[in-house]
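A.B. asks: following is a predicted model, sequence given first.
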Amino acid sequence: MSRWFLALAVSALALGSLSADDSTLKVKVGDPFPDVPLEATQIDKVKKDAKTVSVKDLKGKVVVVFFYPKAKTPGCTVESCGFRDVAKDFPADVVVLGASADGTKLNGEFTTEQMLPYPLLCDTDLKLIKELGIQNPKGKTAQRLTFVVGKDGKIAKIYEKVTPKDHPKEVLAFVKELDAKK
């Protein structure tokens, strides 16, 4: 009996440590996107006279939230500029948001230098990143993932494998397909 109890205790500890892992995806398609208000660059483009914005504030619109590890780094610049270059091709009811653990100063510089036409969410406390389970296991940054959130506030698509160069066009094609289904 004591061997059974020990095995049960070890299993419970292992499961407990897995659920506390902030680098393991904690949401799936169909789940509501977490309501975590964050500071953002260019916030007035999506919410007037506000200090923070969350995806919940944008209910009724399709929202693309692409997470990148660090502003001004090569892969993140390629991906962010890719979204910049296709931003005008998204349907009118789509909001594109970049997101990282970077602060408003760094993301603001990144926005200006790369002429990004969309807001960048600043999750400096990693609250949204941890709630989604997308913290980079190697540091206090986000993994490179993208979420497409439907007008109902629920996750319509999760991109876990992202190639910065091709990804923005891949997301655009999915969103246009989603738009055609309505």
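C.D. replies: All right, it came through fine.

A.B. asks: who's in contact with the nearest residue to residue 140 once chain neighbours are set aside?
C.D. replies: Closest residue in space to residue 140, ignoring its immediate chain neighbours: residue 101 at 5.8 Å, by Cβ to Cβ, 6 or more residues apart in numbering. For glycine as for every other residue, the C-beta is placed from the backbone atoms N, C-alpha and C. Contacts for residue 101 were tallied using Cβ atoms under 8 Å, 6 or more residues apart in numbering; they are 122-124, 126, 129, 140-142.

A.B. asks: cool, and residue 152?
C.D. replies: For residue 152, the contact set (Cβ under 8 Å, 6+ apart) comprises residue 59.

A.B. asks: do a quick rundown of the helices in this structure.
C.D. replies: With DSSP state H, the ranges of helices along the chain come out as 2-19, 74-86, 104-114, 127-132, 167-180.

A.B. asks: quick one, which of these is nearest to residue 62?
C.D. replies: Among those, the nearest to residue 62 by Cβ to Cβ is helix 167-180 (6.1 Å).

A.B. asks: and the closest one, C-alpha only, in PDB?
C.D. replies: Extracted in PDB, the C-alpha atoms of helix 167-180 (Å, rounded to 0.1, in the frame of the first residue of the first chain):
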ATOM      1  CA  HIS A 167       3.700  33.900 -41.700                       C
ATOM      2  CA  PRO A 168       1.900  37.200 -42.300                       C
ATOM      3  CA  LYS A 169       0.600  36.100 -45.700                       C
ATOM      4  CA  GLU A 170      -0.400  32.700 -44.200                       C
ATOM      5  CA  VAL A 171      -2.500  34.500 -41.500                       C
ATOM      6  CA  LEU A 172      -4.000  36.900 -44.100                       C
ATOM      7  CA  ALA A 173      -5.200  34.000 -46.200                       C
ATOM      8  CA  PHE A 174      -6.800  32.300 -43.200                       C
ATOM      9  CA  VAL A 175      -8.500  35.600 -42.100                       C
ATOM     10  CA  LYS A 176      -9.900  36.200 -45.600                       C
ATOM     11  CA  GLU A 177     -11.200  32.600 -45.700                       C
ATOM     12  CA  LEU A 178     -12.800  33.200 -42.300                       C
ATOM     13  CA  ASP A 179     -14.300  36.400 -43.600                       C
ATOM     14  CA  ALA A 180     -15.700  34.600 -46.700                       C
END
